[in-house]
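**Student:** can you look at this prediction? I've put the sequence above it.
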Amino acid sequence: MALTASLVLISISFNTVMAAGQGSGVVTLGGEIVDTACALETGSAFQIIEMDPVPVGRMIREGEGDPHSFSLRLVNCSLSRENPNRPGESLPDWQHVRVTFEGVSDREGRSFAAFGSSRGVALHILDELGQESAPGVPMPMVALSSSKEQVLHYTLRLVGNDQPMSVGSHSAAVRFRLEYY
């Protein structure tokens, strides 16, 4: 299973005179150590998908909007692993990656909730094989290739959520997690 690493350091400079007793403070750091087969390309980590306006009549008739493609680009992949507890020994190679999309659910847990002034819509994610993503539920594993780079393709679509529709704007935040096996 993958471990995750992140470390945030904050450096702040002050050019002010401090009164007695004001020269101390607390810095809190948190993070994880990761063992991972690939790095995530920076452009894949934070993506914004702008959707064209969809007429409410079309959403009612068709039940969904146009597909919007996005991808997660895995780079600098190395499938072999060293055993950190026994230098010189290897662990089994990485073979699969699994993606979990996380966010507020809608449609009885089948889609991601949209927030804003519009009503009656949710966001739905499919992988390139047409497999649906449900919030917080790991998607099927994808075999890792031996190349240094691999791209995971997905489609996002606006769908009706069986509630009365009303016009307006909407947005959603969907996070994802990669686990290697």
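**Tutor:** Looks like it arrived, so ask away.
**Student:** select the longest helix from the protein.
**Tutor:** Longest helix of the chain, by residue count under DSSP state H: helix 56-62.
**Student:** where do the helices sit along the protein?
**Tutor:** Counting by DSSP H, the chain has helices at residues 42-45, 56-62.
**Student:** I'd like the average pLDDT over the longest strand anywhere in the chain.
**Tutor:** The longest strand of the chain (DSSP state E) is strand 150-160. Average pLDDT, strand 150-160: 96.
**Student:** what are the contacting residues of it?
**Tutor:** Strand 150-160 is contacted from outside by 38, 49, 51, 54, 59-60, 63-74, 77, 97, 99, 107, 111, 114, 120-128, 133, 142, 144, using C-beta atoms under 8 Å, 6 or more residues apart in numbering. Yep, even glycine has a C-beta here, placed from its N, CA and C like the rest.
**Student:** what about residue 136, how many residues nearby?
**Tutor:** 14 (other C-beta atoms under 10 Å).
**Student:** what's the pLDDT at it?
**Tutor:** Looking at residue 136, its pLDDT is 98.
**Student:** how near is the spatially closest residue to it that is not a sequence neighbour to residue 173?
**Tutor:** In this structure, residue 136 finds its nearest non-sequential neighbour in residue 102, 5.3 Å apart by C-beta to C-beta, 6 or more residues apart in numbering. Separation of residue 102 from residue 173 (C-beta to C-beta, to the nearest Å) stands at 10 Å.
**Student:** who has more neighbours, these two?
**Tutor:** residue 102 (15 against 10).
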